[in-house]
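In: My questions are about this predicted structure, shown below with the sequence.
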Amino acid sequence: MMKRSLLLVGLSGLALTSCGQSEERAVAERVTTVDAEMAADAAPQNEFGFMEAMESGPSLPRVASPPPPPAPPRTRPAQSSGSDTIPPSATSEVPVGMPQVAYTYAYGFRVAPNLIRPMQEKHADMCEAKGPQVCRIVSMNSGESQGDYAYGSLQIAIASGEARTFGKALTATSEGMNGELVSSSIQGEDLSKRIVDTEARLRARTVLRDRLMDVLRNRRGTVAELVEAERGVAQVNEEIDQARSWLNEMRGRVAYSTMTLEYESGTPSEGGFADPIRNAWGSLATIFGNLIAIFMVLGLVVLPIGLLVWGLIRLFKRIGLSTGIGNDGWTKPEEPKDTSAD
C-alpha cells in the first residue's frame, strides 16, 4: 500500500514536470516569434546575432544622432585699402558696344597709258568675282591718252571685313601688270554716337506715334484735338521714316567701306638742271602748233576776204563807178560840158 502511494506521487510529479516543460516551451516559442518580428525595432543589429543581444540585457532606447557642426563662416579675402579697393559695381560685367566706324580707302597707281584700261577692267572683274554681297562697283571712268598722259578711276563698295585683304590683292595685281602703287590712305569716321542718337529718337517717336494712334482709336477728346492728333501722326510718321533712312544709311556705311582706285600715267618730274630744258623742249611743239594755227587762220579767213575786196574794187572800176575815195562819191563821173558853141 505504501509502495502504491509512492508510485502515484512519483507519476504525479512526473506529469507536473512534463506539463511545466511544455508550458515553458510554448512561452519560449511565443517569445521567440514576437521577438523575431520586432527584431528590426528592438534588437540591436550587430555581428553577434539575436541571442547574444538577448543575453546582453534589455535594449537601450534609441537616441537621435547629434546634428553636424555648423559650417564655418566664409571668410572674404582681405581687400587692400587705397587705390586697390574695387567697388562692387566695378566687378560686374558692363555691356560695351562695338564702335561703329565707317572706313574709306584710297589707292593711287602709276601705270603706262596703254595699260590703264586693262588694269581697270582687271580690278573691276576681281570685285564682281566676289559677288554683290561682298563687293559692288559704284562708278568707273577713264580718259583717253593725250600724249604721254592718261587717267582713270574706279570706285567700289567692299565689305568692311574684306577691305584690307582686297586692297592687298589689288596692289599685287597692279605690280604684275608693271604698275606701281604711289599713294594709299585709310580714313575712318566714328558713327557710334550718331547711330545711338538716331535709334533713341526712333524709339521715342514710335512711342509717341502709338499714343496718338490710341487717342484716335478710342476717340478721346474734342474734334479739334482729334484733328490735331491726325496731323501729329502724319508728322511723326514722316520723322520715323527719315530716322530709319538715316539709320540704314549709316549702318550701310559701316557694313561696306568705300574704296577709290585712281590710275595715272607719265613719269614724275625729277627737277635739277635738265628740268627747264626738258620743259622748253616740250613746249616747242606747242609753239609750232600755235604758229601753224595762226597761218591757217590767215590762209582760210583773211586771204579769201582780201580776194573778195580786191575783186569788188576791180569790178567798180570796170563799170566806171567811183570807188568812193575822195569827193567823187559812188556815182559815175560827169562828162565835161562843150562850151565852144557859145
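Out: Nice, thanks for sending it over. Residues are numbered from 1 along each chain as shown.

In: where does Val27 land on pLDDT?
Out: Listed pLDDT for Val27 reads 41.

In: Apologies, that question was intended for Asn327.
Out: For Asn327, pLDDT reads 51.

In: I'd like to know how many residues surround the residue nearest to Ser183 when sequence neighbours are not counted.
Out: Nearest residue to Ser183, sequence neighbours excluded (C-beta to C-beta, 6 or more residues apart in numbering): Gly108, at 3.6 Å. Backbone N, C-alpha and C define where each C-beta goes, glycine included. For Gly108, the neighbour count with other C-beta atoms under 10 Å is 16.

In: phi, psi of Gly108?
Out: With angles defined as degrees, to the nearest 10, Gly108 sits at phi -120, psi 130.

In: And the one 3 residues further on, by the same measure?
Out: The phi and psi values for Val111, taken as degrees, to the nearest 10, are phi -150, psi 160.

In: Contacts only, for it.
Out: Met119, Ser174, Met177, Asn178, Gly179, Glu180, Tyr263, Glu264, Ser265 (C-beta atoms under 8 Å, 6 or more residues apart in numbering).

In: of all those residues, which comes closest to Met98?
Out: Taking C-beta to C-beta as the measure, Met98 sits nearest to Ser174 out of these, at 32.9 Å.

In: Now that Pro118 has come up, it's in contact with Gly179, right?
Out: No: taking contacts as C-beta atoms under 8 Å, Pro118 lies outside contact range of Gly179: 10.2 Å.

In: out of these two, which sits in the busier spot?
Out: Gly179 (19 against 12).

In: ok, and the closest non-adjacent residue to that one?
Out: The nearest residue in space to Gly179 (C-beta to C-beta, 6+ apart) is Val111, at 4.1 Å.

In: Find me the pLDDT at the one you found, would you?
Out: The model's pLDDT for Val111 equals 89.

In: Can I have the buried ones of the contacts of Val111 as a ChimeraX selection?
Out: Applying 16 or more other C-beta atoms under 10 Å to those, the buried members can be selected in ChimeraX as follows:
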select :119,174,179,263,264,265
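
In: List the ones among the contacts of Val111 that fall in helices.
Out: Met119, Ser174 (DSSP state H).

In: Including distance to Gly232 and pLDDT, could the contacts of Val111 go into CSV?
Out: Formatted as CSV, these follow (distance: C-beta to C-beta, whole Å; pLDDT from 0 to 100):
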residue, distance to Gly232, pLDDT
Met119, 57, 92
Ser174, 57, 89
Met177, 61, 87
Asn178, 65, 85
Gly179, 60, 87
Glu180, 61, 88
Tyr263, 54, 93
Glu264, 56, 90
Ser265, 61, 85
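
In: pLDDT below threshold where in the chain?
Out: 1-97, 145-148, 266-275, 320-342 (pLDDT under 70).

In: Domains of it: list them as residue ranges, please.
Out: 18-54, 101-188, 193-257 (automatic domain parsing).

In: now the end-to-end length of the longest one.
Out: For domain 101-188, the first and last residues are 6 Å from each other (C-alpha to C-alpha, to the nearest Å).

In: circling back: how close does the residue nearest to Gly179 get to Asp197?
Out: 45 Å (C-beta to C-beta, to the nearest Å).

In: With Arg314 instead?
Out: 88 Å.

In: next one: Arg244
Out: Relative to Asp197, and taking C-beta to C-beta, Arg244 is found at 14 Å.
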